[in-house]
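In: Okay, predicted coordinates and the sequence, questions at the end:
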Amino acid sequence: MKKTQTRGGKAFRRFLAVFLAILLVLAAVMYLVPLVEHPDKTAVSGSADWMAELDGSLRLTDLVLPGTHDSAARYVGLPFFSRCQDLSIAEQLEAGARYLDIRLGTEDSKLKLMHGFVNCKTGPMLWDGTLYLEDVLADCYAFLEAHPTETILFAVKQEHVSREERENGDTYRADFENLMYAYTRRNPKSWLLTDRIPTLDEARGKLVLLRRYEDDASLGTEAGVPLLWGDQGGHDDPTKNAVLEESGSLALLVQDRYCYNTPDKWAAFTAGLKAAEGTDYSLALHFLSTKGTLPYGHPYYFAHRLNARLVEATDLALSGCVVLDFLTPGLARRIYSAN
């Protein structure tokens, strides 16, 4: 009997040791691998003021704008799966980014940055705090004050709506929109709230609010420019991925296929750029970001390969907002140099 118990105890200890070893490996992959994944962040002269020489009578939709996908996901929970940038918001703006993809969730009477169901954070450590909208806006306001010739397209999406919030429906969505509106009213001189695409001169020195939600709060023109498109995910034919969407009075040409591996994503991206050459649209959005075909992907793996292709493909006719994971100053210059 004692020998049986001894063998059982040894087996349990072996199982426990293997289980703990697997946990350590997973933890190392989840938190340590992202710490060593860094694209080239070499600064580019003039990137903070690249809009200064542009004709101010041009509408923003006539420009080619570097953008970042999940802009605040530099420090984030579950970073192997969720980290999408290596630059802070302030550094992205200095590098030349002018379209920010802002995903927000509610926490009491505040708005916090999220990627999916995880929170964005103020630093890389597990104990670092949550990143709130006021932190991001402080960086945007400081940048625009220092660089008044520039503008920021601030695209807001309501992220990770809980079951309770979904059950509240219109009421919850209106509460979110009113809370977002309250943030803009704290510093009204720094915002351009409109439902149309402005000219560059109208937008200089300001954030232009683009809303990826309906106007359930009935704010009218002060709700922001409607930026609504259906979830695209993947598609059987990666050469047919740019969708023309009606969004209020605007027509959006959007390629946002995020369930592709590298070859199909590149095909979708180039097909979207080609479609833009022969389509009458109000604004074009070309996402080069993807998570791959698995339920949870590793954004850096795909960005490392796709961004390199963008640098090499000097014959591409870029248009609209070109939105990347892991934007760098060099990539931003590749994009805004198309103007």
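Out: Noted; the coordinates are in hand. Since the model is a prediction, treat every value here as computed from it, not as a measurement. Numbering: from 1, shown residues only.
In: how much space is there between Gly129 and Pro66?
Out: Distance from Gly129 to Pro66, counting by CB to CB, to the nearest Å: 29 Å. For glycine as for every other residue, the C-beta is placed from the backbone atoms N, C-alpha and C.
In: what does Asp128 give?
Out: For Asp128 relative to Pro66 (CB to CB), the value is 27 Å.
In: and those two? which has more neighbours close in?
Out: The neighbour comparison of Asp128 against Pro66 (other CB atoms under 10 Å) goes to Pro66, with 28 against 11.
In: how about the helices in the stretch 201-339 of the chain?
Out: Using DSSP state H, counting those that start in this stretch, the helices of the stretch 201-339 of the chain run over 262-277, 299-312, 329-336.
In: Which neighbouring elements make contact with the first one?
Out: Secondary structure elements in contact with helix 262-277, counted by 3 or more CB pairs under 8 Å, 6 or more residues apart in numbering; DSSP states H and E, are strand 250-255, strand 283-287, helix 299-312.
In: Extract the C-alpha set from the first one and format it as PDB.
Out: So the one you mean is strand 250-255. What follows is strand 250-255, C-alpha atoms only, in PDB (Å, rounded to 0.1, in the frame of the first residue of the first chain):
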ATOM      1  CA  LEU A 250     -19.800  59.900 -46.700                       C
ATOM      2  CA  ALA A 251     -18.600  57.000 -48.900                       C
ATOM      3  CA  LEU A 252     -15.800  55.000 -47.300                       C
ATOM      4  CA  LEU A 253     -13.400  52.800 -49.200                       C
ATOM      5  CA  VAL A 254     -12.200  50.400 -46.500                       C
ATOM      6  CA  GLN A 255      -9.800  47.400 -46.600                       C
END
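In: for the record, mean pLDDT for stretch 102-111?
Out: Averaged across stretch 102-111, the pLDDT comes to 94.
In: where exactly do the strands run in the stretch 1-150 of the chain?
Out: 65-68, 99-107, 110-115, 118-119 (DSSP state E, counting those that start in this stretch).
In: Of all those strands, which one is nearest Trp266?
Out: When those are compared by CB to CB, strand 65-68 sits nearest Trp266, at 17.7 Å.
In: contact partners of that closest one?
Out: For strand 65-68, contacts defined as CB atoms under 8 Å, 6 or more residues apart in numbering pick out 84-85, 87, 92, 95-101, 153, 320-325, 327, 331-332, 335-336.
In: what's around Gly297, how many residues?
Out: 17.
In: and the nearest residue to it once chain neighbours are set aside, how many neighbours does it have?
Out: Counting by CB to CB, 6 or more residues apart in numbering, Lys291 is the residue found nearest to Gly297 once chain neighbours are left out, at 3.3 Å. Residue neighbour count, defined by other CB under 10 Å, stands at 21 for Lys291.
In: what do you get for Gly278?
Out: Counted with other CB under 10 Å, Gly278 comes out at 6.
In: Ok, the one 10 residues further on next?
Out: Residues lying near Leu288 (other CB under 10 Å) number 24.
In: I'd assumed Asp325 was in contact with it.
Out: Yes. Between Leu288 and Asp325 there is a contact under CB atoms under 8 Å: 7.4 Å.
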